[in-house]
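> I'd like to go over a predicted model; first the sequence, then the structure.
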Amino acid sequence: MKPLFVLLIVYVAILAFGSHTNFDKGNIFAGNMAMAVMLLFTAIGHFKFKTSMAAMIPLFIPKKVEIVIFTGILEILFAIGLGIEVTRYYTGIALIVFLLAILPANIYAAKNRINYENLFKAGPGVKYLWFRIPFQFFLIAWVWYFSIR
């Protein structure tokens, strides 16, 4: 839920304040910058909660903490790529592939009630998927609209 708020608040703020400055670069810029800030926000979680997030990865996959750190680095690189106009299209394609690739980890975490911020507390469970799956497709649609089309 927090990433959604970050995404929308940054988007609205850039649109609202950009129109009152010489910095106004329009809707597409605002959408990409909002996604970039959201990715930086979520990347922080990959470093802060790496052990708990590693539990989101199925047991048969080795090097879980390393994967969490790697995906955090990828999110930072995606944020940078969205901010550069000449790389935005290819970054958007890669980001959509990434968002599809991490969806199974989110489903696994929900089914196993894993709390990515605290392993000692149970996660919300399968009911979380009613939000997470549509949210993941919302993010994909956002990236497609602002970065690829």
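That came through fine. Numbers count the residues shown, from 1 in each chain.
> So which residue is smack in the middle of the chain?
Residue closest to the average C-alpha location in the chain (C-alpha atoms, centre = their mean): L39, at 4.8 Å.
> Contacts only, for that residue.
E75, I76, F78, A79, L82 (C-beta atoms under 8 Å, 6 or more residues apart in numbering). To be clear about C-beta, it is placed using only N, CA and C from the backbone, and glycine gets the same treatment.
> Looking at those residues, which are in helices?
Among the contacts of L39, DSSP state H puts E75, I76, F78, A79, L82 in helices.
> Going by distance to K127, which of those residues wins?
Proximity of these to K127 (C-beta to C-beta) peaks at E75, which lies at 25.8 Å.
> I'd like to know how far that closest one sits from F41.
9 Å (C-beta to C-beta, to the nearest Å).
> of those two, who's got more company?
E75 (23 against 17; other C-beta atoms under 10 Å).
> Could you check how far that one is from N118?
Distance from E75 to N118, by C-beta to C-beta: 21 Å.
> ok, now Y145?
Applying C-beta to C-beta to Y145 and N118 gives a distance of 34 Å.
> ok, now V10?
For V10, the distance to N118 (C-beta to C-beta) stands at 26 Å.
> who has more neighbours, these two?
V10 (19 against 11).
> Identify the residue spatially nearest to that one, adjacent ones excluded.
Of all residues not flanking V10 in the chain, A34 sits nearest, at 4.1 Å (C-beta to C-beta, 6 or more residues apart in numbering).
> name the helices or strands packed onto the one helix or strand A110 maps to?
Using DSSP states H and E, A110 maps to helix 88-111. Applying 3 or more C-beta pairs under 8 Å, 6 or more residues apart in numbering; DSSP states H and E, one finds that helix 88-111 makes contact with helix 64-83, helix 129-143.
> Quick check: which of these is buried the most?
helix 64-83 (a mean of 18; mean count of other C-beta atoms under 10 Å).
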